[in-house]
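1. I'll drop the sequence and a predicted model, then ask my questions.
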Amino acid sequence: MSWHTRHLELDWLRALVTIVDCGGFSAAAEQLGRSQSAISLQIKRLEDTVGQPVLRRSQGRVDGPTSEGRVLLDYARRMLRLNDEAWACFAQPQMAGRLRLGLPEELMEQVFAPVQAAFARLYPRVSLSVRCDLSVRLAALAEAGELDLALAKRVGGQPASLSGEAWRVLRREPLHWFDAEGSNARDGRPLPLAVFHEGCVFRGAALSALHDAGLSGEVRFVGSSIGAMRHAVLAGLALAPLPASLAAPGMRSANDSLPPLPACELVARYGVGEPHPAAERLWGLFAEQLGGGTVHHQPSQKPCTDRCT
């Protein structure tokens, strides 16, 4: 094949990015809404085109990109981002209205600022209306059609309202018991706990794990702010069940001496009905910031009305 006829299909590159970010073909197929065989074929065509493997495989599992794959992965992310930005600029230049977003409070701290900045550049006439709440409440709002895009957390498949097909995984990470460096909180019996309010998935997972292990816990701190939670832990008051991404310097994992906790998943879904392009692109921006970098649907061509729902 001569060089002037060679090109890299965006679908191939999207498959590569998603496999690396999700950790395998099966999870990537689920996230992209394709069959595993279709994703495998796209990677085969990509490797045939570049003339070398882009993924390391061991006993049927993906161990990450090859050295050449890492180089290509960087290009792939940039090409996909430019493609999405170009589409947003020319396909819907007059899009206006309001987009209703629901998300956990910690995402405001972690990734919202760069996502908002990128979204404002793409859709300067679309205003975001943001609500932070417990995941179970965000799920109810999305199901009722009161949110256009919802991001929420589930742990061990709970709450059940976040386990339907409408929800897709953006990120998985381990849940840890965290105490302060030099603290002996992990040795306390009953175990001193710092938790969020009733309905929080971290709280539920921690109490269930202790109950299953025949241990008791005593709630020493209840709050709604991740900042206050960190201060409670760093002061030595209690342990907190949190994903590693929410830990602060001076906090250490106590997982080696306490009952195991299930993984935490950040999931997302659209509101009721056909998603609008602005909501699809916002999903993609969150995925990129969180390491997912893929959008689950091709952008639709439906024009945006007064509210982008």
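-> Alright, I've got the coordinates.

2. low pLDDT regions in the stretch 101-250 of the chain?
-> Per-residue confidence for the stretch 101-250 of the chain (pLDDT under 70) gives no ranges below the cut-off.

3. so for L32, what's the pLDDT?
-> pLDDT, the model's per-residue confidence, is 84 for L32.

4. grab the nearest non-local neighbour of it.
-> In space, and not counting its chain neighbours, L32 is closest to T18: 5.6 Å by Cβ to Cβ, 6 or more residues apart in numbering. C-beta: built from backbone N, CA, C; applies to glycine.

5. looks to me like L282 is in a helix.
-> Yes. Going by DSSP: H, G, I helix; E, B strand; the rest coil, the assignment for L282 places it inside a helix.

6. residues contacting it?
-> For L282, the contact set (Cβ atoms under 8 Å, 6 or more residues apart in numbering) comprises 99, 101, 115, 119, 128, 149.

7. how about CSV for the residues you listed, with distance to N83, neighbour count and secondary structure added?
-> Formatted as CSV, the entries for the contacts of L282 read as follows, by distance: Cβ to Cβ, whole Å; neighbours: other Cβ atoms under 10 Å; DSSP: H, G, I helix; E, B strand; the rest coil:
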residue, distance to N83, neighbour count, secondary structure
L99, 21, 25, strand
L101, 23, 23, strand
V115, 18, 23, helix
F119, 17, 22, helix
L128, 23, 19, strand
L149, 21, 25, strand
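
8. nearest to P275, of the residues you listed?
-> When those are compared for distance to P275 (Cβ to Cβ), L149 wins out at 7.8 Å.

9. that closest one contacts A268, correct?
-> Yes. Using Cβ atoms under 8 Å, L149 makes contact with A268 at a distance of 6.8 Å.

10. after whichever strand or helix holds G102, which helix or strand is next?
-> If you go by DSSP states H and E, G102 is part of strand 97-103. Remark: after strand 97-103, the chain's next helix or strand is helix 105-107, criterion DSSP H and E.

11. contacts for that following helix?
-> Contact with helix 105-107 is made by 132, 151, 224-226, 246, 266, 286, as judged by Cβ under 8 Å, 6+ apart.

12. hang on, Q52 packs against E68?
-> Yes. Because the distance of 5.3 Å satisfies Cβ under 8 Å, Q52 is recorded as touching E68.

13. settle it for me: which of those two has more neighbours?
-> Ranked by neighbour count (other Cβ atoms under 10 Å), Q52 and E68 place E68 first, with 14 against 11.

14. residues contacting the more buried one?
-> With contact set as Cβ under 8 Å, 6+ apart, E68 has these partners: 50, 52-54.

15. thinking again about what came up before, list the residues that contact both of L149 and A268?
-> Any residue near both L149 and A268 by Cβ under 8 Å, 6+ apart counts here, and that gives W283.
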